[in-house]
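1. Here you go, sequence then predicted model.
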Amino acid sequence: MTHVVTAGCVDVLDRACLAVCPVDCIYEGARSMYINPQECIDCGACQPACPNEAIFYEEDVPAELTAFVGVNESFFAAPLPGRDEPLGTPRSSRKLGPVGVDHPHVAQL
Amino acid sequence: MNATPLRVAVVGAGPSGLYAVEALREALDGSPAEIDVLDGLPVPYGLLRHGVAPDHVKIKKLAEAFRPLWDGAGVRFIGNVHIGSTLPLDRLRASYHAVVLATGAQLGGTLGVPGEDLPGVHDSATFVGWYNGHPEARMAPGLLTRGPDAVVVGAGNVALDVARVLTRPVDDLEPTDAPRHVLDALRGSRITDVHLVMRRGPAAMRFTPMELRELGRLDDVAVRVRAVDLVLSEADRRTVEGDRRLAILYGVLQKWAAAPVEDARRRIHLRFRSTPLRFVGDAGVEALEIVRTPPGGTADPGAGTGERLPAGLVVTAIGHLSDDSLGLPIDARTRALRNSAGRVTDAGGSPVPGLYTVGWAKRGANGVVGTNRPCAEETVAHLVDDLRAGRLDTATVLRPVDGLLATVGSWVSTAGWRTIEEAELRRGRDEGRERAKIADRAEMLAIANG
């Protein structure tokens, strides 16, 4: 189980979640943030920090947004458009900086 | 910036103090600084070590994320030095350009009802500290064997932690870092029923959904919710529907209330709208008397409808407050040190030069571990502003801190606590788990100085 960024973040990118994440596991795409499920420790700090209520605990993701569970996961587990390797576990979004691309599901929104 | 390194003391090696170190190093961006992190205990990590429940393994692992801080040049751990009792704050301040207080909130809140001082009634700081191996958090032997019932008072995640640790099969806790004597005591526990007593109704729950739901997943533990407790006044209904967190929590409660009553080895009873009136007992607590409140109504202690909840153990988890042992004014509202966005202020409201605060000591006891990060960054930004604007006294020659430390007795260095850590890891390996915490201060000191 982990926390998940959903549609509410797309084209908003408030980044308040980034400031409170103790493990820097929330990464910035082009139009949305993404939570690395391998790195998230489930502290829950990001959820109330998000002004758009875009972040849910996996189990609480509303039915119409469940695709985002896989979106967050494969943003790291599968190669992003134009890349050969998956992002994997970079261990710090602060150090990595914006990734600059989105998961295809977000890109087509 | 000046040629002599900036010297900063951070008092308290918990997450907020360590986020302050991280923010300082980032803000100073390579200019010379010497940062000492002092703690009253021989080991760092504060509530990460002594607050977060042992079965919340993922959050405990956050300590690993702090590890690189100690490897950075110019950062030292100075343990077993309590600012206030072993070393007065004023003497410490004479050795540093700036002091950041990350001292947390040490005092448990009190209910203020008769019998609260009976043996067997503990605040959550003591009970949580005990199961986490805090050297000073001692429980009288036999507290878990006085009877089948325990009462936990509170509506936040700490109350859930306590209820969970008291009920979950001890085999689940065996792989954690909980001290051996704690696991043994829990194994011998006779407690079968934990009553979670909350003064107010479901609209006032402070839990996070993740933690509440966790109760429902424990092996051989049944959660009991009474449907009558879920009746909401019109105002409460609007509150619950207008807040995503509360709406999720309320949904969890509804599901539990509607589920068929299952039998289990242990039970957690959620009791809403129950105001504690008094603790009853002679040599030790035997029961808590509560009065129930109607939805949307107020408790009437004189109504004579007191209900007795039997309890051989009571844990009150109703918040924490900062103490005034450092001689600094406490804010009546936040119950933390009086400050302006992290600058400690005096009784007249003026900033005390060179004195700052972060974490619970700054904002009061609220938020989760990540909340401390932006909190520390705000304070450090002010500290660096003050430095650059010449508001920190960098002209007076500082007293060398090492001479000062020599006068306070045995202190523990970074190398010293790592020796303690290695001993804990070794002890864990011997028991087939990752780590087994050492809870005795004298033993820790012997290992660190050995």
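-> Great, that's in hand.
2. Tell me who's in contact with the residue of chain A found nearest chain B.
-> Minimum separation of chain A from chain B (Cβ to the nearest Cβ) falls at residue A:45, amounting to 2.9 Å. All C-beta atoms are positioned from the backbone trio N, CA, C, and that covers glycine. Contacts for residue A:45 (Cβ atoms under 8 Å, 6 or more residues apart in numbering or on different chains) come out as A:20-22, B:367-371.
3. if we go to 10 Å?
-> A:3, A:17, A:19-23, A:55, B:367-374 (Cβ atoms under 10 Å, 6 or more residues apart in numbering or on different chains).
4. pLDDT score for it?
-> Looking at residue A:45, its pLDDT stands at 89.
5. Spatially central residue for the chain, please.
-> Defaulting to chain A. Nearest to the geometric centre of chain A sits residue A:34, at 1.1 Å (Cα atoms, centre = their mean).
6. not what I meant, chain B
-> Ranked by distance to the mean C-alpha position of chain B (Cα atoms, centre = their mean), the top residue is residue B:51 at 4.3 Å.
7. which SSE is the residue nearest to the centre of chain A in?
-> Secondary structure from DSSP states H and E places residue A:34 in strand A:33-35.
8. Describe which strands that strand pairs with in its sheet and in which direction.
-> Strand A:33-35 pairs in its sheet with strand A:26-28 (antiparallel), by DSSP bridges.
9. Let me see the contact set for the residue in chain B that chain A sits nearest to.
-> Residue of chain B nearest chain A, by Cβ to the nearest Cβ: residue B:370 (2.9 Å). Counting by Cβ under 10 Å, 6+ apart, residue B:370 makes contact with A:17, A:19-23, A:41, A:43-46, A:49, B:15, B:19, B:59, B:62.
10. quick one: contacts for residue B:55?
-> Listed by Cβ under 10 Å, 6+ apart, the contact partners of residue B:55 are B:161, B:164-165, B:168, B:172-173, B:175-176, B:178, B:214, B:218.
11. That one falls within a helix, correct?
-> No. Counting by DSSP: H, G, I helix; E, B strand; the rest coil, residue B:55 is not part of a helix but coil.
12. Okay, helices next: where are they in chain A?
-> In chain A, the helices defined using DSSP state H lie at A:16-20, A:46-49, A:67-77, A:93-96, A:104-107.
13. now do the stretch 101-250 of chain B
-> All helices of the stretch 101-250 of chain B, identified by DSSP state H, counting those that start in this stretch, fall at B:124-131, B:157-167, B:170-173, B:180-187, B:209-216, B:234-241, B:244-258.
14. buried residues in the last one?
-> By neighbour count, and taking 16 or more other Cβ atoms under 10 Å in any protein chain shown as the criterion, the buried residues in helix B:244-258 are B:245-246, B:248-250, B:252-253, B:256-257.
15. restrict these to those near chain A?
-> Restricting the buried residues of helix B:244-258 to those near chain A by Cβ under 10 Å from any Cβ of the partner chain leaves B:245, B:248, B:252.
16. could you pull out the strands for the stretch 351-450 of chain B?
-> Using DSSP state E, counting those that start in this stretch, the strands assigned to the stretch 351-450 of chain B run over residues B:351-357.
17. residues from it in reach of chain A?
-> When proximity is defined as Cβ under 10 Å from any Cβ, the stretch 351-450 of chain B approaches chain A at B:367-375, B:377.
18. In those residues, find the pair that's most separated.
-> Maximum pairwise distance among those (Cβ to Cβ): 16.1 Å, between B:368 and B:377.
19. before we move on, back to that, nearest to residue A:86, of the ones next to chain A among the buried residues of helix B:244-258?
-> Distance to residue A:86, by Cβ to Cβ, is smallest for residue B:248 among those, at 31.8 Å.
20. Off-centre distance for stretch B:108-124?
-> Taking Cα atoms, centre = their mean, to the nearest Å, one finds stretch B:108-124 lying 17 Å from the centre of the chain it belongs to.
21. Reformat the buried residues of helix B:244-258 as CSV; add pLDDT and distance to residue B:95.
-> Listed next are the buried residues of helix B:244-258 as CSV, based on pLDDT from 0 to 100; distance: Cβ to Cβ, whole Å:
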residue, pLDDT, distance to residue B:95
B:245, 90, 45
B:246, 94, 48
B:248, 91, 50
B:249, 95, 48
B:250, 97, 53
B:252, 95, 52
B:253, 97, 53
B:256, 96, 55
B:257, 95, 59
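22. List the residues that contact the residue nearest to residue B:156 when sequence neighbours are not counted.
-> Once flanking residues are discounted, residue B:156 sits nearest to residue B:206: 4.1 Å by Cβ to Cβ, 6 or more residues apart in numbering or on different chains. For residue B:206, the contacting residues are B:154-160, B:198, B:200, B:245-246, B:249, B:319, B:366, by Cβ under 10 Å, 6+ apart.
23. Can you list the low-confidence ranges for chain B?
-> Across chain B, the ranges flagged by pLDDT under 70 are B:1-3, B:298-305.
24. Up against chain A, what does it have?
-> So far as Cβ under 10 Å from any Cβ goes, chain B lies against chain A at B:15, B:19, B:26, B:48, B:52, B:56-62, B:64-66, B:157, B:208-211, B:213, B:244-245, B:247-248, B:251-252, B:367-375, B:377.
25. Show the buried residues in those.
-> B:15, B:19, B:48, B:52, B:56, B:59-60, B:62, B:65-66, B:157, B:208-211, B:213, B:245, B:248, B:252, B:367-375, B:377.
26. Please report how far residue B:184 lies from residue B:251.
-> 38 Å (Cβ to Cβ, to the nearest Å).
27. returning to that earlier point: how near is the residue of chain A closest to chain B to residue B:85?
-> 33 Å.
28. which one is the residue nearest to the centre of chain B nearest to, not counting chain neighbours?
-> In space, and not counting its chain neighbours, residue B:51 is closest to residue B:128: 6.1 Å by Cβ to Cβ, 6+ apart.
29. Show the contacting residues for the one you found.
-> Residues near residue B:128 by Cβ under 10 Å, 6+ apart: B:47, B:50-53, B:108, B:122, B:134, B:137, B:158, B:161-162, B:165, B:315, B:317.
30. Likewise for residue B:198?
-> Residues B:152-156, B:159, B:204-207, B:229, B:270-275, B:318 are the ones in contact with residue B:198 under the rule Cβ under 10 Å, 6+ apart.
31. Can you flag which of those residues belong to strands?
-> B:152-153, B:270-271, B:274-275 (DSSP state E).
32. Residue 74: how many residues sit nearby?
-> No chain in the question, so chain A it is. Neighbourhood size, residue A:74 [other Cβ atoms under 10 Å in any protein chain shown]: 16.
33. other chain: chain B
-> Other residues near residue B:74 number 17, with proximity taken as other Cβ under 10 Å.
34. Might one say that it is in contact with residue B:37?
-> No. Using Cβ atoms under 10 Å, residue B:74 makes no contact with residue B:37, being 11.2 Å away.
35. hey, what's in contact with both of these two?
-> With Cβ under 10 Å, 6+ apart as the test, residue B:74 and residue B:37 both reach B:8, B:21.
36. Can you give me every residue that contacts the nearest residue to residue B:139 once chain neighbours are set aside?
-> Ranked by Cβ to Cβ, 6+ apart and with sequence neighbours excluded, the top spatial neighbour of residue B:139 is residue B:130, at 4.7 Å. Neighbouring residues of residue B:130 by Cβ under 10 Å, 6+ apart: B:50, B:122, B:136-139, B:143, B:165, B:179, B:181-182, B:185, B:315, B:439.
37. Also residue B:321?
-> Counting by Cβ under 10 Å, 6+ apart, the residues that residue B:321 touches are B:105-110, B:330-331, B:334-336, B:360, B:364-365.
38. Quick one: buried ones out of these?
-> Listed as buried from the contacts of residue B:321 are B:105, B:107-109, B:330-331, B:334-336, B:360, B:364-365; burial here means 16+ other Cβ under 10 Å.
39. In strands, which of those residues appear?
-> Per DSSP E, the buried ones among the contacts of residue B:321 map to strands at B:107-108.
40. Specify the residue positioned farthest from the middle of chain A.
-> Most distant from the centre of chain A: residue A:84, at 20.1 Å, with distances by Cα atoms, centre = their mean.
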